[in-house]
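Trainee: next come a sequence and a model predicted from it.
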Amino acid sequence: MDKVIASVDEAVADIPDGAVIAVPGFFACGVPRDLLQAIIRKGIKDLTLTCGCGPLLGAADELTKLVKNGQLKKVVDSYGLFRSASKGMEDPFEQAVRAGKIEFEVYPMGTMAEKYRAGGAGIPAFYTPTGVGSVIEESVVTNIEANRVPKETRMIDGKKYVLEYALRPDYALVHAYIGDREGNLQYAKTARNFNHVMATAAKVTIAEVENLVEPGEIDGDDVQTPGIYVHRVVKVGRPQFAITID
Amino acid sequence: MSKKVKIRGLSRELIALRVANELEDGTYVNLGIGIPTLISDWIEGRDITLQSEVGMLKTGPLAVGEEIDQDLINASCQAVTALPGSSYFDISESFGMIRGGHIDVAVMGALQINDKGDYAGWSNPARGLFVGNIGGSMDLVAGAKKLFIAMEHTTRDGDYKVVKELSYPATAMGMVSMLFTDLAVIEITPKGMVLKEVFSGLTAKDIQSVTEPKLIVSPDLTEIQL
């Protein structure tokens, strides 16, 4: 099954306004920058971007364009604000969150990871100890007060757990070091981060790959995301970026 | 709150050294952003394995010059190196490892801590936002066998960070076992905070003056052991 698409623009051509899109990356590392730029060029509106650990701080230029173009409805993440409060005040994303123009919903990072894992594995929700003793166990944590839906908790063997729901985004845009034509992927070092688990969770996964190879060139033992999870493969260049979030 | 005189103590680097001395060989340790990250400079050559929640075990020292690899970072988004025996894994594996109780010690920064071992670190209300950066902190405190806090003893203005009641949103309740600051080493026990070590030249009374809850002074009180 050849899944190769000629360009990132063709790969995102069918994504409609209002789509929910998973964006992997741990700050600057492992972010699908070329696909994000295609989303910006296409001008898709009312987007919900579900992240894991600040890929939009790592790809700050892309985030600023998405905000200034009015393309974002909502962002879900564990870490999406600049550490520096003064820098945050000047950040268009934070300004839009303060004004209630963009919703920003937050979860602990491991809960984000498990939301995707569960979503990809057919588990609708799960109990976790993470967040017990904080506002996380009380309600959804979001800047939009009306959306702070109460969460359920339960005692299991004398310990309190909070119920969190799986995530099944419409699309995942992932970045791999090597991909073959059939969608088998291999990542580089810590650039794997949220890429694999998001690929399993999304209804449609689009992979940008730095190196495109023929089936068999990635040894079966080295495949980290089997092709069954990947629907489109597009070759991109080696990304250029600064390793920073400040 | 009235402005107090800020007492000078250990540098951030030396707070990190004091925590490093507390870590035992043969342990798996996760370091949070801020002062905890600096601990990695003091454990080179020791049998301590660092876990980075980005998805790496046996994280090496910071990368310099040609060692820098854009695909190899720690959880603070710094370029790092690998060591013989390093491994990489995906994020749900990483947090399964954390939540599943496999990490011996997590060292985190904090904005406030109280004498019951509750601490606040993910959101400063002064920023005026209900949302904030949680990152991996709540997973680490839920899963690590021991939780240490490393922080400055007071705010820049000299206000209490070691408080009776948290006024900032909590990260976790009752999980902290040891507190390391620029002025003191404090153990959190069911009876309260036990002052074990003080910065050279200071007395227990000096530490109490910048600490809101009542301290129990250890009979074996010493200078901070560096």
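Mentor: All right, it came through fine. On a predicted model such as this, the values are computed, not experimentally measured, just so you know.

Trainee: can stretch B:176-190 be said to contact chain A?
Mentor: No: interface with chain A: stretch B:176-190 contributes nothing (C-beta under 8 Å from any C-beta of the partner chain), its closest point being 11.7 Å away. In this view, the C-beta of every residue, glycine as well, is placed from N, C-alpha and C.

Trainee: and the residue nearest the centre of chain A, what pLDDT?
Mentor: With the centre of chain A defined as its mean C-alpha position, the nearest residue by C-alpha atoms, centre = their mean is A:Val23, 2.5 Å away. With respect to pLDDT, A:Val23 has a value of 98.

Trainee: and the helices in chain B?
Mentor: In chain B, the helices defined using DSSP state H lie at B:12-22, B:35-38, B:91-99, B:137-143, B:204-209.

Trainee: distance from the fourth one to the middle of the chain?
Mentor: On the basis of C-alpha atoms, centre = their mean, to the nearest Å, the separation between the geometric centre of helix B:137-143 and that of its chain is 13 Å.

Trainee: just the CA trace of it, in CSV.
Mentor: Extracted in CSV, the C-alpha atoms of helix B:137-143 (Å, rounded to 0.1, in the frame of the first residue of the first chain):
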residue,chain,number,x,y,z
SER,B,137,4.9,17.6,37.8
MET,B,138,1.6,16.1,39.0
ASP,B,139,2.5,12.7,37.4
LEU,B,140,5.9,12.7,39.1
VAL,B,141,4.5,13.5,42.5
ALA,B,142,1.8,10.9,42.1
GLY,B,143,4.3,8.2,41.1
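
Trainee: so which bits of that helix are buried?
Mentor: The neighbour-count check on helix B:137-143 (16 or more other C-beta atoms under 10 Å in any protein chain shown) flags B:Ser137, B:Met138, B:Asp139, B:Leu140, B:Val141, B:Ala142, B:Gly143 as buried.

Trainee: my guess is the fifth one contacts B:Thr171, does it?
Mentor: Yes: in this structure, B:Val141 is within contact of B:Thr171 by C-beta atoms under 8 Å, at 6.1 Å.

Trainee: can you pull the residues that touch both of the two?
Mentor: B:Met108 (C-beta atoms under 8 Å, 6 or more residues apart in numbering or on different chains).

Trainee: which one's the longest helix in chain A?
Mentor: Longest helix in chain A, counting by DSSP H: helix A:109-120.

Trainee: possible to save the buried residues of helix B:137-143 as a markdown table with distance to A:Val223 and pLDDT?
Mentor: Conversion of those to a markdown table gives the following (distance: C-beta to C-beta, whole Å; pLDDT from 0 to 100):
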| residue | distance to A:Val223 | pLDDT |
| --- | --- | --- |
| B:Ser137 | 33 | 97 |
| B:Met138 | 33 | 97 |
| B:Asp139 | 28 | 98 |
| B:Leu140 | 30 | 97 |
| B:Val141 | 35 | 96 |
| B:Ala142 | 32 | 96 |
| B:Gly143 | 29 | 97 |
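
Trainee: tabulate those (CSV), appending distance to chain A.
Mentor: Shown next, in CSV, are the buried residues of helix B:137-143 (distance: C-beta to the nearest C-beta, whole Å):
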residue, distance to chain A
B:Ser137, 7
B:Met138, 4
B:Asp139, 3
B:Leu140, 8
B:Val141, 8
B:Ala142, 4
B:Gly143, 7
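
Trainee: quick one: the least confident helix or strand in chain A by mean pLDDT to chain centroid distance?
Mentor: Scoring the helices and strands of chain A by mean pLDDT, DSSP states H and E places helix A:85-90 at the bottom, with a mean of 94. Taking C-alpha atoms, centre = their mean, the mean C-alpha location of helix A:85-90 is offset from the chain mean by 24 Å.

Trainee: the residue at the greatest distance from the centre of chain B and B:Ala79: what is the separation?
Mentor: Here chain B reaches farthest from its C-alpha mean at B:Glu66, the gap being 30.4 Å by C-alpha atoms, centre = their mean. In this view, B:Glu66 and B:Ala79 are 11 Å apart by C-beta to C-beta, to the nearest Å.

Trainee: do A:Gly131 as well
Mentor: Here A:Gly131 is placed at a distance of 31 Å from B:Ala79 (C-beta to C-beta).

Trainee: contact partners for the closest residue to A:Val223 other than its chain neighbours?
Mentor: Ranked by C-beta to C-beta, 6 or more residues apart in numbering or on different chains and with sequence neighbours excluded, the top spatial neighbour of A:Val223 is A:Asn184, at 4.5 Å. Listed by C-beta under 8 Å, 6+ apart, the contact set of A:Asn184 reads A:Pro215, A:Ile218, A:Val223, A:Thr225, A:Pro226, A:Gly227, A:Val230.

Trainee: can you count the residues close to residue 86?
Mentor: Chain wasn't specified; assuming chain A. As a burial measure, A:Ser86 scores 7 neighbours (other C-beta atoms under 10 Å in any protein chain shown).

Trainee: look at chain B instead
Mentor: Counted by other C-beta under 10 Å, the residues lying close to B:Ser86 total 17.

Trainee: doesn't B:Thr59 make contact with it?
Mentor: Yes: using C-beta under 8 Å, B:Ser86 is in contact with B:Thr59, at 7.2 Å.

Trainee: related to what we said a few turns ago, farthest-apart pair in the contacts of A:Asn184, please.
Mentor: Spatially, the most separated pair among the contacts of A:Asn184 is A:Pro215 and A:Thr225, at 14.4 Å (C-beta to C-beta).

Trainee: all strands for chain A, in order.
Mentor: Using DSSP state E, the strands of chain A run over residues A:20-22, A:47-50, A:72-77, A:103-106, A:125-128, A:141-142, A:153-156, A:159-165, A:171-180, A:185-186, A:204-213, A:232-235.

Trainee: closest one to B:Asp220 among those strands?
Mentor: Closest approach to B:Asp220 among the strands of chain A is made by strand A:159-165 (34.3 Å; C-beta to C-beta).

Trainee: who does the closest one pair up with?
Mentor: strand A:125-128 (antiparallel), strand A:153-156 (antiparallel) (DSSP bridges).

Trainee: and it, what's its mean pLDDT?
Mentor: Across strand A:159-165, the average pLDDT comes to 98.

Trainee: chain center to that strand: distance?
Mentor: 23 Å.

Trainee: got any ranges where chain A has weak pLDDT?
Mentor: Within chain A, no stretch has pLDDT under 70.

Trainee: which stretches of chain B have low pLDDT?
Mentor: For chain B, the stretches flagged by pLDDT under 70 are B:1-5.

Trainee: show me where it has its strands.
Mentor: B:27-31, B:48-52, B:56-62, B:80-88, B:105-108, B:112-114, B:119-120, B:146-150, B:162-163, B:176-180, B:184-189, B:192-198, B:216-223.

Trainee: buried residues of the last one, list them for me.
Mentor: Applying a neighbour-count criterion of 16+ other C-beta under 10 Å, one finds B:Ile216, B:Leu221 buried in strand B:216-223.

Trainee: what's the angle between it and strand B:192-198?
Mentor: Angle, strand B:216-223 to strand B:192-198, by axes from the mean of the first three to the mean of the last three C-alpha atoms, to 10 degrees: 20 degrees.

Trainee: quick one: strands adjacent to strand B:216-223?
Mentor: In the sheet, strand B:216-223 lines up against strand B:192-198 (parallel) (DSSP bridges).

Trainee: having no further points to raise, I will conclude here.
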